[in-house]
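A.B. asks: pasting a predicted model and its sequence here:
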Amino acid sequence: MRYSILFILSFGLFCVAPGYAGQDHVEGGLKMDASTRQAQGIRTARVKLHALSDLVRAPGEVSINIYRSTQVTPRISAQVIKRHAVLGDEVTKGQRLVTLSSVDMADAQGALLVADREWQRVKGLGRKVVSERRYVAAQVARQQAYARVLAYGMSKTQISALLKQKDVARATGAFDLFSPQTGTIIDDNFIVGELAKPGRLLFEISDESLLWVEAQLPPEDAVRIKRGASASVSIDGKTWIKGRVIQRHHRLNETTRTQSIRIEVPNTEDTLHPGQFVQTVVQTGNAAPVIAVAQTAVILMQGSPTVFKVKGDELLPQPVETGRTRSGFTEVRAGLAVGDEVVIKGAFLLKSLALKSQIGEDH
């Protein structure tokens, strides 16, 4: 009995309480001026046409971005003398990675020193003293010797240092390989002392700040996805990283009969690693524009989808017929027209105020 009396007293106080500041009840809706709406965080927007793309879900695998990766290999047979970097190191372009030694390089270095000395002598004498043939022959011999050492793997800086010393004893065959890019060493499977053949992979370096995800889709879905389409990638299904489709493979996987699309994903937080399996969500690009509003604009009132339509200072609940929801927008098949102004933030607050107003009228 005591609780019933308290309820009646509380309800009576509610019914006689003053109205919401700046808001009055109008038949079927609310009246609230723009300043009050702004103070309460209520935002509005004009109804527009939106292309609501379908979403396609597919498994994917993270891989390195080969367009941002390089391999460091010897061009001639050479023995590994010393390692200057290891797996996982962050290296910069031009950083020394490994020292090699080769008999072929020693021969080429010696030949360059001899050819350079002859060229310097002939050039010093000049064309008036030596014959044209001898002059050109010395110049060509020096250029060929220089090109051979360069082709074998010495850098221009190393060659310049060798020529400045002008010491044949420096033709030891030792030379360094340098990093061709800035990135992370993701492979260095070699042993100091081994004889590396031409093309032997010593280091693989990749810029992992922008990775690829290869998503496997049925061909009928893959063909609907356009280059540049938005995509999202997740490891756990909770946290998603946004990316974009950059390529579509033209060959189907012979085993799974699926078609791959390549998604480019930023990896600034070092969250993704090559070889990881992930979930992908990709937008198709063939949807026709339809009337749609922000998903937050649509609420249920008396069981029906409803938006608050703005007419001056009046906020009127407008029943609508909704369709699909994609990328934060809900299709409106009936009830609104392009150009109508609706509430896109704060609709639940307006709903509660409208219900309170109705309760006040009923009592």
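C.D. replies: Yes, it's here.
A.B. asks: which helix of this protein spans the most residues?
C.D. replies: helix 103-125 (DSSP state H).
A.B. asks: which is the next helix or strand following that one?
C.D. replies: Counting by DSSP states H and E, the next helix or strand C-terminal to helix 103-125 is helix 132-152.
A.B. asks: neighbours around the spatially closest residue to Ser69 that is not a sequence neighbour, how many?
C.D. replies: Closest residue to Ser69 apart from its sequence neighbours, by CB to CB, 6 or more residues apart in numbering: Ser206 at 3.9 Å. Just so you know, the C-beta spots here come from the backbone N, C-alpha and C atoms, and that holds for glycine as well. The number of residues packed near Ser206 is 21, by other CB atoms under 10 Å.
A.B. asks: same question for Glu214.
C.D. replies: Neighbours around Glu214, by other CB under 10 Å: 18.
A.B. asks: state the helix or strand in which it lies.
C.D. replies: Using DSSP H and E, Glu214 falls in strand 210-217.
A.B. asks: after that strand comes which helix or strand?
C.D. replies: helix 219-222.
A.B. asks: so what strands line up beside the next helix or strand after that following helix?
C.D. replies: Per DSSP H and E, the first helix or strand lying C-terminal to helix 219-222 is strand 230-234. Next to strand 230-234 in the sheet, as set by DSSP bridges, lie strand 240-252 (antiparallel), strand 277-283 (antiparallel).
A.B. asks: for the helix or strand following the last one, buried residues please.
C.D. replies: What it means is strand 277-283. Sequence order places strand 289-294 as the next helix or strand after strand 277-283, per DSSP H and E. Under the neighbour-count criterion of 16 or more other CB atoms under 10 Å, strand 289-294 has Val290, Ile291, Ala292, Val293, Ala294 buried.
A.B. asks: before we move on, back to that, among the strands paired with strand 230-234, which is nearest Thr157?
C.D. replies: Nearest of the strands paired with strand 230-234 to Thr157, taken as CB to CB: strand 240-252 at 36.0 Å.
A.B. asks: related to what we said a few turns ago, possible to save the buried residues of strand 289-294 as a markdown table with pLDDT and distance to Leu163?
C.D. replies: Output for those, formatted as a markdown table (pLDDT from 0 to 100; distance: CB to CB, whole Å):
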| residue | pLDDT | distance to Leu163 |
| --- | --- | --- |
| Val290 | 91 | 72 |
| Ile291 | 94 | 75 |
| Ala292 | 93 | 70 |
| Val293 | 95 | 73 |
| Ala294 | 92 | 70 |
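A.B. asks: need the helix or strand of this protein with the lowest average pLDDT.
C.D. replies: Least confident helix or strand, the chain: helix 2-16 with a mean of 37, by mean pLDDT, DSSP states H and E.
A.B. asks: before we move on, the earlier item: so which of the strands paired with strand 230-234 comes closest to Glu194?
C.D. replies: strand 277-283 (34.3 Å).
A.B. asks: now that closest one against strand 210-217, angle please.
C.D. replies: 80 degrees (axes from the mean of the first three to the mean of the last three CA atoms, to 10 degrees).
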